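1. Output the structure for:
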Amino acid sequence: MPPLRRKDAEALLRYRGVRSAHTYQASWYNNATFVFPLIAVIIAGVVWLATGSAEAGGAAVFFLVVTGAMLPVVFITWQRQTTAVIVHEDGVTALHMGLEQQSIAWDELRSVRRVETLGNVRWYLDGPGEEHIVIEGEIADRDRLLDEARSEFERRSDGPSP
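-> Below is the predicted model of the structure:
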């Protein structure tokens, strides 16, 4: 399992009986809306430098503008991205760089459900009302985390989670 980010590791001390900690294995720069235009800038820039083609130079400038325009979007979405999920004695908690985003106590866990949207699978740990923690595919050892949540849910309820 990959190591936790420093701030997430420090946050573990706030929770009693930590059973497991699961890190988000991607970073802000793994966002396709940022990476693809950046790669296009590099390719078009190399072609422009190698050939002197005005079209390649124009493409490089265009993709540089697109990359720059996407940076604020990427940083804003990153600020809401879970960087670690902590399973502890009292429940499950989602962190972003050591700051608690959402916490669901075991006795408030309503379901563990799988949602697939356009081929992208996410798991939801549903709490009271609209509260939930999203478990992305990039969470390390996701299956163990889900097994722990399901077994705790089943232990406290009448049957298995859907």
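2. Show me where this protein dips below the pLDDT cut-off.
-> The model of the chain has pLDDT under 70 over residues 1-2, 28-30, 158-162.
3. List the contacts of stretch 111-122.
-> 123-126, 134-137, 146, 149-150, 153, 161-162 (CB atoms under 8 Å, 6 or more residues apart in numbering). The way it works is simple: take the backbone N, C-alpha and C, and place the C-beta from them, glycine included.
4. May I see the residues you listed organised as a markdown table, with secondary structure and distance to residue 37 added?
-> As requested, those are exported to a markdown table (DSSP: H, G, I helix; E, B strand; the rest coil; distance: CB to CB, whole Å):
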| residue | secondary structure | distance to residue 37 |
| --- | --- | --- |
| 123 | strand | 30 |
| 124 | strand | 31 |
| 125 | strand | 34 |
| 126 | strand | 36 |
| 134 | strand | 26 |
| 135 | strand | 29 |
| 136 | coil | 23 |
| 137 | coil | 23 |
| 146 | helix | 34 |
| 149 | helix | 37 |
| 150 | helix | 40 |
| 153 | helix | 42 |
| 161 | coil | 40 |
| 162 | coil | 40 |
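5. Need the buried ones from these selected in PyMOL.
-> To isolate the buried ones among the contacts of stretch 111-122 in PyMOL, judged by 16 or more other CB atoms under 10 Å, type:
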select buried, resi 123+125+126+134+135+136+146+149+150+153+161
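6. And the contacts of stretch 111-122, which two are furthest apart?
-> Pairwise distances across the contacts of stretch 111-122 peak at 20.7 Å for 137 and 153 (criterion: CB to CB).
7. So which residues of this structure form strands?
-> Using DSSP state E, the strands found in the chain span residues 18-23, 84-88, 91-96, 99-105, 111-117, 120-126, 132-135.
8. Including distance to residue 7, could these go into a markdown table?
-> What follows is those, written out as a markdown table (distance: least, CB to CB, whole Å):
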| stretch | distance to residue 7 |
| --- | --- |
| strand 18-23 | 11 |
| strand 84-88 | 9 |
| strand 91-96 | 8 |
| strand 99-105 | 8 |
| strand 111-117 | 27 |
| strand 120-126 | 22 |
| strand 132-135 | 18 |
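9. Do me a favour and get the end-to-end distance for stretch 80-89?
-> In stretch 80-89, first residue to last residue: 25 Å (CA to CA, to the nearest Å).
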